[in-house]
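> Next one to model:
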Amino acid sequence: AAMAEEVRELRTLSGHSGSVRSVVFSTDGKWLVTGSWDKTVRLWNPATGECMRTFTGHSNYVFSVAISDDGKWVASGSDDKAVRLWDAASAECVHTCSSHSGSVQAVAVSANGKWLASGSYDKTVRLWNPTSGEILRTCAGHSGGVLALTFSPDGALLASGSW
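Numbering: from 1, shown residues only. Predicted coordinates:
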């Protein structure tokens, strides 16, 4: 009950023109990343509420976002079937990974930054090298679209969930 009593709204971050579908803090809490149905990803300073960067390039809804532990790059997954890797400092898209045949519903980054995972309505999970944008592995086995992904803290395991 003590935690519930301490919860209060600090600020509202305004800027997206569509529904916000994904929100994630950087590990150090200095940044907040949002993905929206307005086809953009935004990088916010949660302390001030200021939008620091807007990442544009997806041609459809952004469903999932992730940020590397070092805060240097951002990943996004979209209804356009693409995973995009962005330089957080410049908001430039450095890689577009377009091998999924369905909407990308989930992205996750390993703590060491060596792996990027994406999950799609095509019922697959793909592992990527975020430095090169190369697909390292495609994992099949889900009977429905993949909606959720998370790496274990040591990066040795990847869990996925589907409908």
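> what's the offset of stretch 103-123 from the middle of its chain?
Computed by Cα atoms, centre = their mean, to the nearest Å, the chain-centroid distance of stretch 103-123 equals 8 Å.
> hey, C-alpha coordinates of that stretch in CSV?
What follows is stretch 103-123, C-alpha atoms only, in CSV (Å, rounded to 0.1, in the frame of the first residue of the first chain):
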residue,chain,number,x,y,z
SER,A,103,4.0,-6.8,-38.6
VAL,A,104,6.9,-6.4,-36.1
GLN,A,105,5.2,-6.4,-32.7
ALA,A,106,8.2,-6.6,-30.3
VAL,A,107,11.9,-5.7,-30.1
ALA,A,108,14.3,-6.3,-27.3
VAL,A,109,18.0,-5.6,-26.7
SER,A,110,20.4,-7.7,-24.7
ALA,A,111,22.1,-6.0,-21.7
ASN,A,112,25.5,-6.3,-23.4
GLY,A,113,24.2,-4.8,-26.6
LYS,A,114,25.3,-7.7,-28.7
TRP,A,115,21.9,-8.9,-29.6
LEU,A,116,18.7,-7.4,-31.0
ALA,A,117,15.6,-9.6,-31.1
SER,A,118,12.4,-8.9,-33.1
GLY,A,119,9.1,-10.7,-32.9
SER,A,120,6.5,-10.7,-35.6
TYR,A,121,3.0,-11.7,-36.7
ASP,A,122,4.8,-14.0,-39.1
LYS,A,123,5.3,-16.2,-36.0
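> buried ones in that stretch?
Under the neighbour-count criterion of 16 or more other Cβ atoms under 10 Å, stretch 103-123 has 103-110, 115-123 buried. In this view, the C-beta of every residue, glycine as well, is placed from N, C-alpha and C.
> Give the rounded mean pLDDT of stretch 23-43.
Predicted confidence along stretch 23-43 averages 97 (mean pLDDT).
> residues making contact with that stretch?
13, 15-22, 44-47, 51-56, 58-67, 69, 71, 74, 76-78, 84, 86, 88, 91, 111 (Cβ atoms under 8 Å, 6 or more residues apart in numbering).
> Sitting in helices, which of the residues you listed do you find?
The helices, defined by DSSP state H, take in nothing from the contacts of stretch 23-43.
> Can I get the buried part of those as one PyMOL selection?
A single PyMOL command is used to select the members of the contacts of stretch 23-43 judged buried by 16+ other Cβ under 10 Å:
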select buried, resi 13+16+20+21+22+44+51+53+55+58+61+62+63+64+65+66+67+71+74+76+77+78+84+86+88+91
